[in-house]
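Student: pasted the sequence and its predicted model underneath.
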Amino acid sequence: PMFHQASSRTARRGFLIGAAGAAVVCSFAVCPGASVSAGPLRGPNILWIVTDDHRPDSLGCTGPSWLKTPHMDRIARRGVLFRHAFSQCPICTPSRSSMITGRYCHSIGVTAMGAGQRLGPNAPYLTRPLQAEGYHLINVGKKLPSPKIFDIEIGAQGYDDPGATPYKLKPPFEGMEKELGVLHLNKQCPVIVAGRHPLPASRTEPAITINNAIALVRKGLKSPFLLRVSIMAPHVPVLPPEPFDTMYDAAEMPFEPPTDEELAGAPRWEREALRKLQGSVHLTKRDVQRARACYFGLVSHMDREIGRLMAEIEQLGLLEDMLVVVTSDQGWCLGEHGVFGKRCFYEQSAGAILIISWPGHVPEGKVINDPVELVGVMPTMLDAGGIKLPPNVQGASLLPLIRGEQDAPDAVFSEIDFSKSMYPCLRMPNSRRVMVRTRHWKMSYFIERVGDARDGDLYNLTNDPEERRNLWKDKTYADVVARLEARVMQWDEETKH
């Protein structure tokens with residue numbers, strides 16, 4: 001068993017799930033004092049873990065074997081790992097809005113982070129069908145950029161850590177930047193990309209979020225429930241606490257800087273706008289390696305906290321029948337392509353973590369390499385609960401694909417509208433950029449422009465998986481560009497409303 005599963009079947013299903021406030025222990029023994037009242041359960045209890053700016057190759061099961069993420073790796077071994085999941089926008093607010101509605105970003109009017117880019121009270125939230133079928137909804141951690149749609153909401157909409165903001169240390173730690181090795185990206189975007197957290201590991205945002213989730217689970221949750229635990233890591237400030245700040249040796253951190261040819265071949269908007277905001281070519285290789293080591297250290301810290309929650313859930317006997325979904329909102333470039341951050345469509349940025357575990361209902365240890373979309377995450381939850389999808393849902397349940405009953409989509413899509421950006425240096429007219437990604441090709445361009453102003457990029461993922469050679473201007477691939485552009489226009493028309 002992956003988490004030393006408790007044996008009491010009585011504890012797995014119930015109308016009320018409660019427990020005495022026993023401490024979490026590594027043995028995962030059955031929690032003394034746990035009690036459950038028997039009762040019907042229409043659908044599975046659901047645990048949805050959402051991480052923030054968590055790139056798809058930053059788990060031991062998706063990236064280098066030296067990455068220490070044993071708890072998320074165990075969840076993957078208990079279920080299905082999607083190696084090529086994609087966010088519907090490579091930035092958090094639109095991506096999360098798409099997931100919670102099961103609709104593409106342009107169809108709900110949230111395509112950027114900026115003024116007015118948030119869902120209103122009448123948006124087609126997929127929490128409502130769950131509530132209508134008796135699900136109790138709880139959100140712990142980072143809230144959605146929307147009105148209250150969960151029965152219980154604990155957390156903040158912005159970054160909420162006692163030690164630092166994304167840009168600076170909080171009082172009384174302001175004068176400790178040198179001591180803590182704090183590294184800012186640049187003057188234009190001075191986010192903290194490396195350093196040590198000023199507080200112990202038990203007092204960081206991931207620890208606080210998990211503590212709140214554990215407290216609710218111990219207190220008792222009405223079944224069936226959806227418990228959404230949203231952790232703001234490894235989002236900036238990238239400040240892993242001790243001992244995670246030294247878990248990975250920066251000097252040994254693999255990193256191959258982009259070549260001059262690669263940098264020159266990128267789309268014009270990337271060279272002249274994106275790199276102004278979040279470029280990394282000015283950083284030394286040592287700085288980039290240190291930032292990467294800190295990022296992965298923060299991921300490992302977050303993984304340990306997730307392990308504490310999983311242990312508590314198992315102690316209560318809930319894990320065996322629970323649908324567990326782990327997603328990130330999108331990824332994060334760590335110096336690849338001369339970029340540090342998101343807002344672009346490289347695999348490290350537009351890609352996301354996606355794991356689905358549901359014992360007895362989905363196979364264990366399955367890996368799906370076909371591209372899929374996060375817009376299908378909540379339709380999958382409704383499908384698992386036997387709940388009919390509302391007619392306006394655009395995402396598709398992933399369960400038929402998992403069970404081999406349906407083929408993967410021929411293409412996946414992502415988008416971002418820079419005309420609505422919160423950053424003036426990125427704000428341009430007619431700058432909605434769309435990505436289409438198949439198994440072998442990826443292309444993005446400004447869909448509202450014509451001719452050279454489309455400013456596209458095209459990558460042959462079979463021959464160039466690291467996306468270093470932009471083929472957009474190579475006439476040899478004009479037919480590929482035309483075919484993919486036609487697919488984009490078809491998708492855009494079919495999903496407008």
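Tutor: Happy to help now that I have it.

Student: now the strands: where do they sit in the stretch 251-400 of the chain?
Tutor: Taking DSSP state E, counting those that start in this stretch, the strands of the stretch 251-400 of the chain run over residues 323-328, 333-334, 340-341, 351-352, 354-357, 366-368, 372-373.

Student: out of those strands, which is closest to residue 417?
Tutor: Across the strands of the stretch 251-400 of the chain, the minimum distance to residue 417, taken as C-beta to C-beta, is reached by strand 340-341, at 17.3 Å. C-beta here means a position set from N, CA and C on the backbone, and glycine is covered the same way.

Student: who does the closest one pair up with?
Tutor: Strands flanking strand 340-341 in the sheet, each with its direction: strand 333-334 (antiparallel) (DSSP bridges).

Student: longest helix anywhere in the protein?
Tutor: When every helix of the chain is counted residue by residue (DSSP state H), the longest turns out to be helix 285-315.

Student: between strand 323-328 and it, find me the angle.
Tutor: Our comparison of helix 285-315 with strand 323-328, counting by axes from the mean of the first three to the mean of the last three C-alpha atoms, to 10 degrees, yields an angle of 170 degrees.

Student: next one: helix 285-315 to chain centre, how far?
Tutor: Relative to the chain's own centre, helix 285-315 is displaced by 14 Å; criterion: C-alpha atoms, centre = their mean, to the nearest Å.

Student: point out the other helices and strands that it packs with.
Tutor: Helix 285-315 makes packing contacts with strand 46-51, helix 70-77, strand 183-184, strand 192-194, helix 205-219, strand 333-334 when contacts are defined by 3 or more C-beta pairs under 8 Å, 6 or more residues apart in numbering; DSSP states H and E.

Student: and among these, the most buried is which?
Tutor: Mean neighbour counts were compared across the helices and strands packed on helix 285-315 using mean count of other C-beta atoms under 10 Å; the top stretch is strand 192-194, at a mean of 28.

Student: that one packs against which elements?
Tutor: Packing contacts for strand 192-194, counted by 3+ C-beta pairs under 8 Å, 6+ apart, involve strand 183-184, helix 285-315.

Student: sheet partners, orientation included, of it?
Tutor: strand 183-184 (antiparallel).

Student: chain center to the strand it pairs with, what's the gap?
Tutor: Averaged over its C-alpha atoms, strand 183-184 has a centre that lies 23 Å from its chain's centre (C-alpha atoms, centre = their mean).

Student: picking that back up, output the helices and strands packed on strand 192-194 as CSV; include the columns distance to residue 65 and mean pLDDT.
Tutor: As requested, the helices and strands packed on strand 192-194 are arranged in CSV below (distance: least, C-beta to C-beta, whole Å; pLDDT from 0 to 100):
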stretch, distance to residue 65, mean pLDDT
strand 183-184, 27, 98
helix 285-315, 13, 98
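
Student: dump these to TSV, plus distance to residue 447.
Tutor: Conversion of these to TSV gives the following (distance: least, C-beta to C-beta, whole Å):
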stretch	distance to residue 447
strand 183-184	34
helix 285-315	32
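
Student: quick one: closest of the ones you listed to residue 66.
Tutor: If you check each of the helices and strands packed on strand 192-194 against residue 66 by C-beta to C-beta, helix 285-315 wins as the nearest, at 8.9 Å.

Student: thanks again, I'm all set now.
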